[in-house]
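Undergrad: sequence-free structure coming up:
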């Protein structure tokens, strides 16, 4: 789907820095990134905060001073996540969203991750998003995503079924290796039948194909009290997806 995502000409270029950050010994690699991105920062004064809510990726905040003002987020890709996530497509999506004021600034990519702007605010909890004022604001923000035209004249096609097929190909070995998984989860054959049923049922609905967030965990929704609105912190969608 990368060919179908058109990055606007006015979107800033994103440099690639030849650095690999070790998730178990991240400071040396992160300092090399800050040397390029924040050359005026003294290495001895750079503080780092690890955010622990990520499931696959590791997220690190770099800053100087007593208050987290200018913070550079360093996202270290999880092991083998490139098998499922198209990284080129992800960066293009990030740039498109930033151009439409729906994403923070993307500072750079590196060998196993990317660096981007930190959005000030509070990460939401399940009880927050249950309130009507909150979920209305979230719906309004998501509608902004879905209204973005990033196909540049192409007829957009859903990547959902291709991604699901790729996912099944990757997990097939897990059922053979983990007996507990085999007992608690339907068999791959049963899940594939459900996937075929979903594809047959949903493909005839003529739903629009739009840009989607595709990682809408509660912690990825940030409330910016100063602005009085909700922001989607990790706002790079993985691919086009049919909304329903």
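TA: Looks like it arrived, so ask away. All of these numbers come straight from a predicted model, not from anything done at the bench. Residues are numbered from 1 along each chain as shown.
Undergrad: what's the model's confidence in the helix or strand harbouring residue 98, averaged?
TA: Secondary structure assigned from DSSP states H and E places residue 98 in helix 87-99. Rounded to a whole number, the mean pLDDT of helix 87-99 is 89.
Undergrad: list the helices and strands that helix packs on?
TA: For helix 87-99, the packing partners by 3 or more C-beta pairs under 8 Å, 6 or more residues apart in numbering; DSSP states H and E come out as strand 106-110, strand 113-117, strand 209-211. (Each C-beta comes from the backbone N, C-alpha and C, glycine too.)
Undergrad: May I see these organised as TSV, with mean pLDDT, distance to residue 33 and mean neighbour count added?
TA: Below are those laid out as TSV (pLDDT from 0 to 100; distance: least, C-beta to C-beta, whole Å; neighbours: other C-beta atoms under 10 Å):
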stretch	mean pLDDT	distance to residue 33	mean neighbour count
strand 106-110	97	6	21
strand 113-117	95	6	23
strand 209-211	84	28	21
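Undergrad: nearest to residue 80, of those strands?
TA: Set against residue 80 and scored by C-beta to C-beta, the helices and strands packed on helix 87-99 come closest in strand 113-117, at 14.0 Å.
Undergrad: Pull out the buried residues from the helix holding residue 98.
TA: For helix 87-99, burial by neighbour count (16 or more other C-beta atoms under 10 Å) applies to 87, 89, 90, 91, 92, 93, 94, 95, 96, 97, 98, 99.
Undergrad: lowest-confidence helix or strand of this structure?
TA: strand 240-242 (a mean of 38; mean pLDDT, DSSP states H and E).
Undergrad: so where's this structure shaky on pLDDT?
TA: The chain contains residues with pLDDT under 70 at 1-3, 53-54, 172-182, 225-244.
Undergrad: quick one: the strands in it?
TA: Under the criterion DSSP state E, the chain contains strands at 16-17, 47-51, 58-63, 72-76, 106-110, 113-117, 122-123, 209-211, 221-224, 229-232, 240-242.
Undergrad: between those, which gets nearest to residue 167?
TA: Closest of the strands of the chain to residue 167 is strand 240-242, at 13.3 Å (criterion: C-beta to C-beta).
Undergrad: So what sits opposite residue 115 in the bridge?
TA: Beta-bridge pairing for residue 115 (DSSP bridges): residue 74, residue 108.
Undergrad: I'd say it and residue 76 touch.
TA: No. With contact defined as C-beta atoms under 8 Å, residue 115 does not reach residue 76; the gap is 10.3 Å.
Undergrad: domain ranges for the chain?
TA: Domain ranges of the chain: 2-119, 123-242, per automatic domain parsing.
Undergrad: Packed most tightly, which of those domains would that be?
TA: The highest mean neighbour count among the domains of the chain, using mean count of other C-beta atoms under 10 Å, belongs to domain 2-119: a mean of 16.
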